[in-house]
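Enquirer: need a 3D model of the following:
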Amino acid sequence: KLHGPEEANMELLVLNDIYVNASILSCDENGKVKWCNITNITRHDPSEYIYKFRTKWGREVSVVASKSLLVWNKDNNILEEMDSEAIKIGDKLPISFKTPNTETIKFIDMRTYLSDKKYLYGSDYNNSNSIKKKKFNIKNNYVYLKNCKQNSIPLRDTFELNRDNGFFIGIYLADGNTCKDYVGISKNDEIIRNKIEDWFNILGIKNKTQTKKYNPNRPGVSTSIRGYSTILVQFLEKFLGKYSYGKYLPNETYFAPDEFIEGLIDGYISGDGCITDYHIVVSSVSKDLITGISHILTRYGIFSKISICQQKKNNIGSENILPRYILSIQSNYVYKFANKFTLTHPEKQEKLNKLVSRNTLGSMSFLYEEHNDIILDKIISIEKTLANNNEDYNKVYDITVPDTLNFQLFNGLNVRDTSETGYIQRRLVKAMED
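Expert: Got it, this is the predicted structure:
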């Protein structure tokens, strides 16, 4: 449903009208998080000003001049909606650190990423009388390139969400790259490389380990393993993104079984993580990837800080260096991490064992103000800008959640449903009447 300028050019999508049943994480006024049904999605022009809030633990959100945010009321010990103009530095916003499990999926249909219009599925091929047959056998339950040859190595037409596949996904997100016909994983640790080699061998993918000679501009030795499979390259690029800045966790990750998540976190931390004397830390130039890792950790009650670092130079003289997003796990959340995850990288696992043997990690727990399923996160900065000065704010979005009137953002921050309160209340009511 579309409306004119007098209604802020609002667009209303009623999910029942398109036969969609959707849910979203949401916290109530007491900070208890659960899955709630969504009824409507709205998009409209912003107000004159946009308010951008940043918190101590690295979350941020941009909202219009309305009651878009939930703020902790210390007198009543509940979350309350508050006008953007009235919120001040030091006020506390709710960030989910513990989220409930939902129904899981055990495998991915490869057709989701490799269309049967562009790829050859063995089961379709063998059950069809209209497809021109090749001079060699095509196996059921496998997917091939359309122009496959007799020696082409296919992939299974389902991708199982098990621990081994999770580990490979994690190590690819940490240290992987793709070229036209191969997937490369850069890793000096032999145990990690052997695990990757085994994974390639199980799939029948030819692979080779290479060690780069010393280069004065990049000191040290770099060892990588390559798996030669064009169809695997194309799947991974569609499934996980391409290049370090373009990688992300696919939607299926958030509904995957625990064993897949355990493998993924193992692969990612074993590949790109660091265990220090007081925390677990990992970084990436992909904000979406770091935010996604932070999100799936909340399934296990593990909260993480997200920060940004802008390097001025690196050891290879790169120009236009991208900012790095840093995820760190501290305090009692380290214990929770160690109880749930085991790292394949032997040195990192040893460091993790030493870290959790310390009895002082809990001394930092006072920094994290937990209340039921949320962390109360202090606002450290507020920016007020004109909406028409920034093309990022051409439109703003809202979600209607009747149960709580709140919903959780991807970064864990819970916000208010302003389609029921505040800026577009009257517009939405009128739209629904129309």
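
Enquirer: can we go C-alpha only for contacts and neighbour counts from here?
Expert: Fine.

Enquirer: Three-state assignment for the spatially most distant residue from the centre of the chain, please.
Expert: Of all residues in the chain, the one whose C-alpha sits farthest from the chain's mean C-alpha position, using CA atoms, centre = their mean, is Lys135 at 43.6 Å. Judged by DSSP: H, G, I helix; E, B strand; the rest coil, the three-state class of Lys135 is coil.

Enquirer: and stretch 13-32, what's buried?
Expert: For stretch 13-32, the neighbour count (16 or more other CA atoms under 10 Å) marks Leu13, Val14, Leu25, Ser26, Cys27, Asp28, Glu29, Gly31, Lys32 as buried.

Enquirer: list the contacts of stretch 46-62.
Expert: Residues lying outside stretch 46-62 but in contact with it, judged by CA atoms under 8 Å, 6 or more residues apart in numbering, are 8, 63-65, 84, 93, 304-307, 377-388, 393-396, 411-413.

Enquirer: just want the most central residue of the chain.
Expert: Gly292 (2.0 Å).

Enquirer: quick one: the helices in the stretch 1-150 of the chain, in order.
Expert: Ranges of helices in the stretch 1-150 of the chain, per DSSP state H, counting those that start in this stretch, are 122-126.

Enquirer: low-confidence ranges, it, go.
Expert: For the stretch 1-150 of the chain, the stretches flagged by pLDDT under 70 are 1-8.

Enquirer: where do the strands sit along it?
Expert: 11-14, 22-27, 33-38, 40-44, 49-55, 60-64, 69-73, 78-82, 92-96, 107-109, 119-121, 142-145 (DSSP state E, counting those that start in this stretch).

Enquirer: out of those, the one nearest Gly166 is which?
Expert: Ranking the strands of the stretch 1-150 of the chain by their distance to Gly166 (criterion: CA to CA) puts strand 107-109 first, at 11.4 Å.

Enquirer: and that closest one, which strands flank it?
Expert: Based on DSSP bridges, the strands next to strand 107-109 in the sheet, each with its direction, are strand 158-160 (antiparallel).

Enquirer: for this structure, what's the longest helix?
Expert: helix 258-272 (DSSP state H).

Enquirer: which elements pack onto it?
Expert: Based on contacts counted as 3 or more CA pairs under 8 Å, 6 or more residues apart in numbering; DSSP states H and E, the elements that helix 258-272 packs against are helix 163-175, strand 280-284.

Enquirer: tell me the bridge partners for the nearest residue to Tyr121 once chain neighbours are set aside.
Expert: By the measure of CA to CA, 6 or more residues apart in numbering, the closest residue to Tyr121 outside its immediate chain neighbours is Val143, 4.5 Å from it. Each beta-bridge partner of Val143 is listed here, defined by DSSP bridges: Tyr121, Leu155.

Enquirer: tell me the contacts of Val143?
Expert: Met110, Tyr119, Leu120, Tyr121, Gly122, Pro154, Leu155, Arg156, Asp157.

Enquirer: repeat that for 10 Å
Expert: The neighbours of Val143, taking CA atoms under 10 Å, 6 or more residues apart in numbering as the test, are 110-111, 114-116, 119-125, 153-158, 231.

Enquirer: Leu355 too?
Expert: Residues touching Leu355, when contacts are defined by CA under 10 Å, 6+ apart, comprise Ile275, Thr276, Asp277, Tyr278, His279, Ile280, Val334, Tyr335, Ala338, Gln349, Leu361.
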